[in-house]
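Enquirer: The following block contains a protein sequence and its predicted model.
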Amino acid sequence: MLRFKCVHNTKLNKTFICCFLALIIVLQFTFPTNVAAEPTSPLLLYEEKLTEPVTEGVKYDRFKKFTADGWFTIHLLTVNNKENDLHIDTLIPEKGISSPEQLSSMVRKNGAVAGINGDFFNTGDNTFTIGPIVKSGELISNPDKSGNMGVISITKDGKSFLEKWSWQGIVNFPDGSNANIFSMNKSSLNPGNIMMYTREWSTTSPGKEKNKYDDYIEVVVENNKVMEIREKAQSVSIPENGFILTGRGAGYQRLKQKLQLGDYVEVEICSSPNWQELSAAIGGGAVLVRDGAVLPEFSHNIAGRHPRTAIGISEDQSTLYFVVVEGRNPLSRGMEQKDLADFLLSIGAYNALNLDGGGSSLMAVRPLGSENPIIANKLENNFERRIPNGLGIFNTGITGKLDGIKVKTSSERVPVGGEIALTVLGYDESYNPVQVNMDDIDWTVSDELGIFEGSSFIGTKSGRGFITANINGINHKTPIHVLSKPVELAITPTHMNLKPGGSKNLKIYIKDLEGYTAEISPDLLDWKIIGDIGQIDKGKFTANSSNTPLSGAIIAKYTDISTTVLTTVGSVENIIEDFREINNIETLSFPESVITNFEVVSTPELLFHSSVGKLKYDFTADVSTQASYLILGDGIKLPKGTSKLGLWVYGDKGNNHWLRALVSDASGNETNLTFVRNVDWNGWEKVECEIPAGLTHPIALKRIYLVETEEEKMDSGEIYFESLSAFSPPEYDYSLTSTDSKESIDPKNSYVELDDKISKDSFRFTVFGDALVGFNYDSSNYEQILKLYYASLDDNTDFLMFSGKFTDDS
């Protein structure tokens, strides 16, 4: 690890609306029990809390709160800073901070037991953090120069504090002069600046690949000796015991004039607080809580309800709080920064810092008894974002002998005859994982609900009870529910379309008389395939490889109940625009100086029809990015399940431009698609573009356009279109639908007469369904809701619940 000389040392000195899956509007509220809430927090209606130790001195809590502001899911790691075997350190990607990595990977590779994401970061060609980084006592990157961003710093004796940083980097030349280093391991290179890169940035320098300038220089320094001076050269390896200085403009001139091969170079880096007294530090956003109070204004504020990450410090510095709040999902709205500050204050934080949030909000936690941490929070779009740094919690203690076990089941419910897998995880007295030999486990189940075969439980009798694992007097039990007689069979997916030769694993469930469901093995079912659509084996359906579109069904039967999965294979191509008429097609130019024209003309070469569409463009007025658009009215609605688009293009005048399309989905998300990057052929050719799987139907094709981004390719010409098509699944054959289920009545869903004497703790409520609350909603419907509201008041109703849909713009 490279070490630097430091030239000075600065000492560390009403009525409410809530969302519960569907909308619940609570118009009056009187519950028989009192619910306490923090004065600055929304009224708490319901809370679930899961608590589990991670290691000695580290506890994980997950809160699911239903409040007057809606649902919130919060993840909390509470760290005892006085625990001798614990320490906090910075996590950075294995390949350097310019190559972001998933938090789960960084935590696992570094041997941490838990961790959270860290600093805000630039997402350009090269990733870099906004704030400073200190890892294992070494300075890796400099702080932000704006002064708006806070930093969490941890001293070598374990004390934590929040401060804004300042720094100075100086390179001393052999002639006694010196120059400022603008930044360390950050990618922006402005004329006149000198930058510094170490191995913590990457294994290689930026090089001319990232800096296409005539006045760009890189100086390779190893063991303080100039080894290479490179001008406008490709990237080069950064020495393990050295660094690279880069410069442009005046920075280029300074380095070129002052340094020669073999020269001795010294770099001095100092900061306030002094980085040499720290073991770890990362940048963040605003300080949220200072000296036990929420700040009235935040120096850096990201407005709105979003996923959030923060770190808090107790007043005596004995405890650290790592917090991640989920957001942008039905069970957690996300928080404003003020909400986050209030929560941190409520759990004991005396000082607290906001970290990067949104899709970057991540918490990795090692489950009790497990070897590897997993991401605890729900990921945005089910995708774990790569990030440039984080904070990890490490336990350096020695693993002891087995002190406890934890039973995990593949499911808590199983049908009679069904099977679930059992796993036993062991841990020592410090909650660190200990290997358990499954052959040494003695299994028992209450009320003889089933039998054990190896590490599997097979249900033999309906009922509820517990499975108990015992090893050398150490035991743990977990609940089990063996379902009653099945009355309904279900398979997911209920409908499916596969590509020729594609496959899909089916999940099969039964429902019993009381409405409980459990997954069942496909081996217990009788299967039948209707149509030449494919084969099924152990619940995995594989489609036939025929290019002919196919439609059929999969029928599954269990005892005397059955269900059907309607299935199609391949796709059908349908023409959605032939360009033989204008059909509300308009043009748009970007920028306005671009000349764009569309007309229906005679085909330059007969393909299918004598008339085709002609897009004429002129990109010669400018050198910046330019485009000519066809606006397809309000959009062409694509058939449900459309997987790709096809378009015949006459390319004589395409001139290597980029042909693209724009689609929007049901959520209003717009996505740009590429038909072809370069139209570089003569005559007619068919191009296609895939529709991303994540888009929600209905999907509309809004635009087709020709675009150019390269200065040397700005010209004029025309391009011809014919037969725009959509590839979508064949129609399902609903005549094949056959589902047998048993009519059933839940024995627990019965009418009960109320006593004449009503308890003083009772309450009355009325439930209404199919309510919609939205922006610009029909006022007469609101009037009807109000009539119901006032009528219920006269009937002594304590509250009303309207189930339906609540839109974000309400």
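Expert: Received, thanks.
Enquirer: So G552: helix, strand or coil?
Expert: Put simply, G552 is strand when judged by DSSP: H, G, I helix; E, B strand; the rest coil.
Enquirer: Give me the distance between it and L498.
Expert: Shown here: G552 relative to L498, a distance of 11 Å by CB to CB, to the nearest Å. The way it works is simple: take the backbone N, C-alpha and C, and place the C-beta from them, glycine included.
Enquirer: Quick check: neighbours shared by the two?
Expert: By CB atoms under 8 Å, 6 or more residues apart in numbering, G552 and L498 have these common neighbours: T567, T568.
Enquirer: Show me this structure divided up by domain.
Expert: Split into domains by automatic domain parsing, the chain comes to 14-31+751-810, 77-164+277-395, 167-272, 413-482, 486-570, 573-728.
Enquirer: okay if I get those domains as TSV plus mean neighbour count, distance to K406 and mean pLDDT?
Expert: As requested, the domains of the chain are exported to TSV (neighbours: other CB atoms under 10 Å; distance: least, CB to CB, whole Å; pLDDT from 0 to 100):
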stretch	mean neighbour count	distance to K406	mean pLDDT
domain 14-31+751-810	12	30	55
domain 77-164+277-395	20	5	95
domain 167-272	18	38	93
domain 413-482	17	5	96
domain 486-570	17	22	93
domain 573-728	17	36	90
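Enquirer: Let me have those in a markdown table, extended by distance to G57.
Expert: Listed next are those as a markdown table, based on distance: least, CB to CB, whole Å:
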| stretch | distance to G57 |
| --- | --- |
| domain 14-31+751-810 | 36 |
| domain 77-164+277-395 | 3 |
| domain 167-272 | 29 |
| domain 413-482 | 8 |
| domain 486-570 | 38 |
| domain 573-728 | 41 |
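Enquirer: so what's the closest residue to I510 other than its chain neighbours up against?
Expert: Closest residue to I510 apart from its sequence neighbours, by CB to CB, 6 or more residues apart in numbering: P486 at 4.0 Å. By CB under 8 Å, 6+ apart, P486 lies in contact with P415, I510, K511, D512, Y558, T559, I561.
Enquirer: from the residues you listed, which is closest to L345?
Expert: Proximity of those to L345, judged by CB to CB, is greatest for K511, which lies at 45.9 Å.
Enquirer: Please list the residues outside whichever strand or helix holds the closest one that contact it.
Expert: Using DSSP states H and E, K511 falls within strand 507-512. With contact meaning CB under 8 Å, 6+ apart, strand 507-512 is reached by 415, 462, 483-492, 517-522, 525, 539, 556, 558, 561.
Enquirer: Let's see that with 10 Å instead.
Expert: Identification of contacts with strand 507-512 by CB atoms under 10 Å, 6 or more residues apart in numbering yields 413-416, 418, 462, 481-493, 516-522, 524-525, 539, 556, 558-559, 561, 563, 565, 741-742, 744, 746.
Enquirer: how far out from the middle of the chain is that strand?
Expert: Put simply, strand 507-512 sits 30 Å off its chain's centre (CA atoms, centre = their mean, to the nearest Å).
Enquirer: neighbouring strands for the next helix or strand after that strand, and are they parallel or not?
Expert: Proceeding N to C from strand 507-512, the next assigned helix or strand is strand 517-520, under DSSP H and E. Sheet pairing for strand 517-520, assigned by DSSP bridges, gives strand 507-512 (antiparallel).
Enquirer: What are the boundaries of the strands in the stretch 501-650 of the chain?
Expert: 503-505, 507-512, 517-520, 526-530, 534-537, 540-543, 550-558, 561-569, 572-577, 585-590, 595-602, 611-618, 626-637, 644-650 (DSSP state E, counting those that start in this stretch).
Enquirer: And the stretch 651-800 of the chain, by the same measure?
Expert: 658-664, 670-676, 684-690, 700-708, 716-728, 765-773, 799-806.
Enquirer: of the ones you listed, which approaches Q276 most closely?
Expert: strand 670-676 (49.0 Å).
Enquirer: Assumed Q253 was part of a strand.
Expert: No: Q253 is assigned helix when assessed by three-state DSSP, not a strand.
Enquirer: Does it touch N193 like I think?
Expert: No: using CB atoms under 10 Å, Q253 is not in contact with N193; the gap is 11.9 Å.
Enquirer: Tell me the gap between the helix or strand encompassing V107 and the middle of its chain.
Expert: Per DSSP H and E: V107 is located in helix 103-110. Computed by CA atoms, centre = their mean, the chain-centroid distance of helix 103-110 equals 17 Å.
Enquirer: CA atoms only: put that helix into PDB for me.
Expert: Taking Å, rounded to 0.1, in the frame of the first residue of the first chain, the C-alpha atoms of helix 103-110 are listed here in PDB:
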ATOM      1  CA  LEU A 103     -22.300  -4.700  -2.200                       C
ATOM      2  CA  SER A 104     -23.000  -8.400  -1.700                       C
ATOM      3  CA  SER A 105     -19.800  -9.300  -3.600                       C
ATOM      4  CA  MET A 106     -17.700  -6.800  -1.700                       C
ATOM      5  CA  VAL A 107     -19.000  -7.900   1.700                       C
ATOM      6  CA  ARG A 108     -18.400 -11.600   0.800                       C
ATOM      7  CA  LYS A 109     -14.900 -11.100  -0.700                       C
ATOM      8  CA  ASN A 110     -13.700  -9.000   2.300                       C
END
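Enquirer: And the contacts of it?
Expert: Here helix 103-110 makes contact (CB under 10 Å, 6+ apart) with 89-94, 100-102, 112-118, 135, 360-366, 371-375, 384-394.
Enquirer: at 8 Å what do you get?
Expert: The contact list for helix 103-110 (CB under 8 Å, 6+ apart) reads 89, 91-94, 112, 114-117, 362, 364, 372-375, 384, 387, 390, 392, 394.
Enquirer: Those in helices, which ones?
Expert: Assigned to helices by DSSP state H, none of the contacts of helix 103-110 qualify.
Enquirer: In strands, which of those residues fall?
Expert: Those of the contacts of helix 103-110 mapping onto strands are 89, 91, 114-117, 364, 374-375, 387, 390, 392, 394, per DSSP state E.
Enquirer: Let's have the residues you listed in CSV, adding distance to N544.
Expert: Listed next are the ones in strands among the contacts of helix 103-110 as CSV, based on distance: CB to CB, whole Å:
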residue, distance to N544
D89, 55
L91, 48
A114, 48
G115, 47
I116, 48
N117, 46
A364, 43
I374, 38
I375, 38
I387, 44
G390, 47
G392, 50
F394, 53
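Enquirer: Just the closest of those to I311, please.
Expert: I311 has its nearest neighbour among those in I116, at 7.3 Å by CB to CB.
Enquirer: how about that closest one, what does it touch?
Expert: Counting by CB under 8 Å, 6+ apart, I116 has contacts L77, L103, T309, I311, F322, V324, L355, L362, M363, A364, G390, L391.
Enquirer: State the helix or strand in which the fifth one lies.
Expert: Using DSSP H and E, F322 falls within strand 319-325.
Enquirer: got it, and the third one?
Expert: Taking DSSP H and E as the criterion, T309 maps to strand 308-313.
Enquirer: tell me the angle that strand makes with strand 319-325.
Expert: 170 degrees (axes from the mean of the first three to the mean of the last three CA atoms, to 10 degrees).
Enquirer: helices or strands up against strand 308-313?
Expert: Counting contacts by 3 or more CB pairs under 8 Å, 6 or more residues apart in numbering; DSSP states H and E, strand 308-313 packs against strand 114-117, strand 160-163, strand 319-325, helix 337-347, strand 351-355.
Enquirer: so the longest one versus strand 319-325, what angle?
Expert: To tie it back to what came earlier, the one meant is helix 337-347. Helix 337-347 runs at 140 degrees relative to strand 319-325, counting by the same axes, to 10 degrees.
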